[in-house]
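Engineer: How does the following fold in three dimensions:
(one chain, ligands or ions: 1)
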Amino acid sequence: MRPLGDDTGPAIEVRGLRKLYGQTVALHDIDFEVSKGEIFAVLGPNGAGKTTTVEILEGFRPREGGTVKVLGEDPFRADEEWRARIGVVLQTTGEFEDLNVREVVRHFARYYPDAQDPDELIERVGLAEKRNARASKLSGGQQRRLDVALGIIGRPEVLFLDEPTTGFDPSSRRDFWQLIRDLATSGTTIVLTTHYLEEAEQLADRVAVIVGGRILDIGVPQTLGGRDTEATVVSWMGPDGLESVHTTAPTKFAADLHARLGGEAPGLTVHRPSLEDVYLQMIGADTAATAALASAAGVTTEDS
Ligand SMILES: Nc1ncnc2c1ncn2[C@@H]1O[C@H](COP(=O)(O)OP(=O)(O)OP(=O)(O)O)[C@@H](O)[C@H]1O
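Structural biologist: Numbering: from 1, shown residues only. Next up is the predicted model:
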């Protein structure tokens with residue numbers, strides 16, 4: 001039985017978290033919460049502070065300021081019992097000498113009081129055909145699957161995944177997403193860092209964007225950065241080439257266009273900003289490229 005303690009609030013609470021590496025401020029007093037059973041994605045460019053944040057939550061790194069609670073406890077001071085409730089999949093793959101997949105999974109299962117059945121778990125992460133292969137001989141994507149198996153073997157209440165699908169082929173990535181969704185449905189809280197915007201969009205209930213150790217925005221992927229209210233681009237082939245208009249009322253615009261042209265607009269597309277569009281805008285890398293593309297495509301605004 002777990003002690004009750006103050007473990008009734010959110011799965012993760014972070015207030016004023018500050019991290020220094022020497023003189024460098026890696027995290028500037030960041031705040032966020034993750035609810036139980038939520039899938040929370042942390043996005044940001046290289047060096048933004050994602051891994052640092054996750055490693056502090058995992059209890060692997062000390063901090064210089066703020067309060068951090070994971071399942072009601074300070075991860076840096078937490079005991080073995082707390083650790084058994086946490087699953088971790090790091091960026092680097094573990095080294096398992098000459099053991100095969102089954103031996104590795106069985107070995108790790110012994111550390112947990114209520115471990116999953118090793119053979120079922122191997123099946124679940126899609127490694128059944130490789131159960132007798134040496135762990136060191138797996139492909140990159142297969143090794144990540146083994147890492148994920150080891151991360152979830154103890155039935156963690158909170159699972160941390162640092163760039164979990166790097167090296168996965170598209171079909172393995174989709175299988176993995178389903179595995180993560182199933183875990184969340186069964187009540188596991190999941191925190192993942194990723195560079196794949198599609199992954200965040202497909203999986204996350206909420207996304208935090210970190211840049212330079214600061215959180216720029218936190219929200220559901222569908223509305224992040226004002227995505228739902230940003231203008232839509234309607235494009236079609238006019239007599240002189242591609243025409244594009246930014247509009248906040250694309251349905252009305254398309255209906256008016258239909259009336260104006262007396263029929264179908266050739267090559268009509270309606271483009272709403274993707275998560276990637278708003279993310280790139282947010283981190284500032286997109287500004288020059290967007291201006292150049294817009295000018296090349298002759299984009300005007302509806303009001304201009
Ligand atoms: N052990 C360390 N010692 C000194 N500085 C570090 C250390 N680890 C990270 N940093 C610095 O802290 C900042 C945040 O790094 P972090 O690894 O958290 O970024 P990240 O968002 O995970 O990046 P990536 O997407 O490349 O994995 C960077 O400027 C990095 O150089």
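Engineer: Could you grab the helix/strand/coil label for D277?
Structural biologist: Following DSSP: H, G, I helix; E, B strand; the rest coil, we place D277 in the helix state.
Engineer: With E129 instead?
Structural biologist: At E129 the chain is in helix, as set by three-state DSSP.
Engineer: Now do it against R102, distance only.
Structural biologist: Going from E129 to R102 by C-beta to C-beta, to the nearest Å gives 12 Å. In short, each C-beta sits where N, CA and C put it, glycine included.
Engineer: T193 too?
Structural biologist: Distance from T193 to R102, by C-beta to C-beta: 29 Å.
Engineer: Go through the helix or strand containing I30 and flag the buried ones.
Structural biologist: Applying DSSP states H and E as the criterion places I30 in strand 24-34. For strand 24-34, the neighbour count (16 or more other C-beta atoms under 10 Å) marks V25, A26, L27, H28, I30, F32, E33, V34 as buried.
Engineer: same deal with stretch 271-286?
Structural biologist: For stretch 271-286, burial by neighbour count (16+ other C-beta under 10 Å) applies to P273, L275, D277, V278, Y279, L280, Q281, M282, I283, D286.
Engineer: what's that stretch in contact with?
Structural biologist: Residues external to stretch 271-286 that are found in contact with it (C-beta atoms under 8 Å, 6 or more residues apart in numbering): 43-45, 197-198, 200-201, 207, 209, 211, 216-217, 221, 224-227, 230, 232-235, 287, 290.
Engineer: Do any residues in it lie close to the ligand?
Structural biologist: No - Stretch 271-286 stays clear of the ligand (C-beta under 6 Å from any ligand atom), getting no nearer than 11.6 Å.
Engineer: before we move on, what SS does A115 have?
Structural biologist: What three-state DSSP gives for A115 is coil.
Engineer: Touching, it and I153? I think so.
Structural biologist: Yes - using C-beta atoms under 8 Å, A115 makes contact with I153 at a distance of 5.4 Å.
Engineer: Those two: which is more packed in?
Structural biologist: Of the pair A115 and I153, I153 is the one with more neighbours under other C-beta atoms under 10 Å, namely 21 against 18.
Engineer: picking up where we left off before, same list (the buried residues of strand 24-34) but as JSON lines, adding pLDDT.
Structural biologist: What follows is the buried residues of strand 24-34, written out as JSON lines (pLDDT from 0 to 100):
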{"residue": "V25", "pLDDT": "94"}
{"residue": "A26", "pLDDT": "96"}
{"residue": "L27", "pLDDT": "97"}
{"residue": "H28", "pLDDT": "95"}
{"residue": "I30", "pLDDT": "97"}
{"residue": "F32", "pLDDT": "97"}
{"residue": "E33", "pLDDT": "97"}
{"residue": "V34", "pLDDT": "97"}
